[in-house]
Structure formats: structure tokens, C-alpha cells
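>>> Below: sequence and its predicted model.
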Amino acid sequence: MTTSDYRRGAILGLTVAEAFILLTFLLLIALLGFVQADEQITKSDSANAPRVWVRPEEIETLVNSAELSRKAQEQAEEALVESNLERDEANERVEKARKAREEAERALAVAEQDRDTARAQAEEVRKMLKGMEQALATAERSREEARGDLDLLRRKGENPPCWYQVVSAGEGKTREKPHYAFNVAIYEDSIELAPRTAPPGGAFDDGGGLYVEEWNRLNIAALPYGIPLSDNKFAEAVSDLVAKGRNQEVRTYECVFSVMVWDKTPDDAKNRWKYAHDRVIEGSFSAYTVQDLAWKGVN
């Protein structure tokens with residue numbers, strides 16, 4: 001081996017040794033890096049905050065984003081506060097509206113009650129007015145009837161005759177002279193009837209027909225003539241005739257029939273005469289007491 005060969009081999013050997021030393025150093029550095037990385041991982045696990053490596057150029061962007069997020073959060077919080085205020089105001093308005101509705105419903109109920117009361121009062125007033133109108137109409141009819149009765153009383157007098165003849169009363173006036181339906185004799189213990197003939201003419205001023213027609217319609221010929229009658233039997237026999245005169249079935253107004261009466265009682269029985277004449281006869285008829293004519297046969 002030559003000197004030059006050895007020198008080249010030494011240089012190469014040293015080079016290889018240095019290479020192994022360098023390689024070992026590199027391995028140690030790598031091992032140290034793994035140990036540090038493991039410690040960092042352990043520390044990050046214990047602190048739960050891994051270290052983030054950020055490039056310097058990204059820091060400003062991250063800061064700006066964080067500021068924007070903060071401002072957005074503040075705006076969101078302000079919006080939430082405003083929304084809560086608006087919600088509270090809306091709730092207050094709803095509560096006020098509810099109370100106003102309740103007040104309106106109560107007022108409506110009171111108004112309806114007042115309306116029903118007013119209607120009931122109006123109905124009562126209407127009924128009262130109707131009753132007053134009916135009473136007024138009745139009073140008006142009664143007044144007219146009373147006026148008619150008064151006019152009749154002035155014209156015909158009290159208890160106008162059912163059958164009559166209009167005759168002169170002097171000074172241009174007239175009067176109604178009665179026609180007599182039958183004759184009556186009063187005895188001490190009885191009453192007796194005697195017939196007459198139907199009167200002539202008729203009550204033409206009252207729209208009536210002939211008296212003879214009324215005579216037949218009233219069946220006066222069928223009265224119990226010529227037999228003694230008690231006071232009650234007499235009243236029973238003439239009751240229908242008397243009722244028809246009073247019920248306006250003969251004239252258009254109440255009228256009474258007229259009869260001629262004879263006193264056939266003895267001198268010591270004049271109380272009987274007075275009672276029978278005043279109570280029994282004149283209680284139903286207009287009576288004319290005969291003084292100068294004989295009983296019966298009077299036409």
C-alpha cells in the first residue's frame with residue numbers, strides 16, 4: 001500500500017466517523033424533539049388547551065374576526081333586549097286591550113240590561129196608554145150616550161112612552177101623548193087586567209112601524225085578562241113586555257108602556273091601593289089613574 005492510498009483511506013475513514021457522529025447527533029436531536037412533543041401533548045392534555053401555531057400574517061385577520069364577532073354579539077344582545085322590550089310592550093298592549101274588552105263587555109251588558117228595562121217600561125207605558133185610550137174611548141161613548149140620553153130626556157122627558165102620539169103642546173111645541181097597552185084594576189087582595197085595542201099609527205119619528213104590528217109581535221092579546229092575579233103573578237105576566245121596552249127592543253131608546261089604573265079597593269084599604277099603585281104598577285109602567293070612567297069596557 002502506498003502512502004497516497006493510506007492517506008485517501010484515512011480521509012475516508014474520518015469522513016465516515018464524522019458521518020456517524022453527525023447521524024447520532026441528528027438522532028439525539030430527533031429523540032429530543034419527540035420527548036418535547038410528548039411533553040407538550042401531556043401539558044396540552046392536562047390544560048385542555050392545545051397550542052395553536054398561527055402565522056403572523058393571520059393574527060390581524062383573526063383579531064378583526066374576533067372584533068367583528070364581538071360587535072355582532074353585542075348587536076345581537078341589543079336586538080334581544082329591544083325584542084324583549086317590544087315583547088313586554090306588546091304584552092302590556094294586549095293586557096290593556098283585554099281589560100278594555102272586558103270593560104266594553106260589561107258596558108254592553110249594562111246597556112243591554114238598560115235597553116231591556118227601557119223596553120219593558122216602554123211596553124208598560126204602551127199598555128197604559130192603550131188602556132187610557134180605551135178608557136177615553138169608553139168615556140167618550142158614555143159621554144155621547146149620556147148626551148143622547150140627556151137630549152132624549154129633554155125632548156121626551158123621563159121614562160118616555162113606548163107607544164105615543166105626537167100632539168101640540170102650544171107655543172109651537174109638541175109633546176108625546178101616550179097610548180095605553182091595557183087597563184088595570186087594583187082590588188084589596190088582587191089585580192085584574194082588561195084588554196084594549198091596538199093603538200092607531202106608529203112611532204114613525206123613531207123609524208118604527210105600525211103599533212098594531214108591535215102589538216101582535218109583543219103578544220099583548222095573550223095576557224091573562226079578566227082573572228084575579230096576585231102581585232107576583234101580575235109581575236110575572238107582564239115581565240117580558242116590560243123587559244122589551246127597557247132593553248130597546250121596541251124603540252131605539254129605553255121606554256115604558258103606559259096603562260090606565262082603577263082603584264077598586266074599599267075605603268079602609270087605601271094602604272093596599274097605594275102600595276099596589278106605587279110599587280107594583282108604577283114600578284114597571286107609566287100609570288094614569290082613572291077617576292071618572294067605569295071599570296071595563298074602556299077603549
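Arrived safely.

>>> Give me the neighbour count for residue 159.
16 (other C-beta atoms under 10 Å). Just so you know, the C-beta spots here come from the backbone N, C-alpha and C atoms, and that holds for glycine as well.

>>> Now residue 284. Nearest residue, chain neighbours left out?
Distances taken as C-beta to C-beta, 6 or more residues apart in numbering place residue 242 nearest to residue 284, at 4.6 Å, with adjacent residues excluded.

>>> Assign the one you found to helix, strand or coil.
helix (DSSP: H, G, I helix; E, B strand; the rest coil).

>>> What's the local residue count around it?
16.

>>> Can you give me every residue that contacts it?
256-257, 284-285 (C-beta atoms under 8 Å, 6 or more residues apart in numbering).

>>> Who wins on neighbours among those?
residue 285 (25 neighbours).

>>> That one and residue 255 touch, don't they?
No - in this structure, residue 285 is not within contact of residue 255 by C-beta atoms under 8 Å, at 11.0 Å.

>>> Compute the number of surrounding residues for the closest residue to residue 218 other than its chain neighbours.
In this structure, residue 218 finds its nearest non-sequential neighbour in residue 241, 5.9 Å apart by C-beta to C-beta, 6+ apart. By the criterion of other C-beta under 10 Å, residue 241 has 19 neighbours.

>>> Do you know the pLDDT at residue 241?
On pLDDT, residue 241 comes in at 96.

>>> got it, and the one 3 residues further on?
Confidence per residue is given as pLDDT, and for residue 244 that number is 96.

>>> wait, isn't it in contact with residue 219?
No - in this structure residue 244 lies outside contact range of residue 219 using C-beta under 8 Å: 10.4 Å.

>>> What's the end-to-end length of stretch 219-239?
13 Å (C-alpha to C-alpha, to the nearest Å).

>>> who's in contact with residue 160?
Here residue 160 is in contact with 152, 176, 251, 253-256 (C-beta under 8 Å, 6+ apart).

>>> Of the residues you listed, which is the most crowded?
Most surrounded of the contacts of residue 160: other C-beta under 10 Å gives residue 255, at 25 neighbours.

>>> I am finished for the moment; much appreciated.
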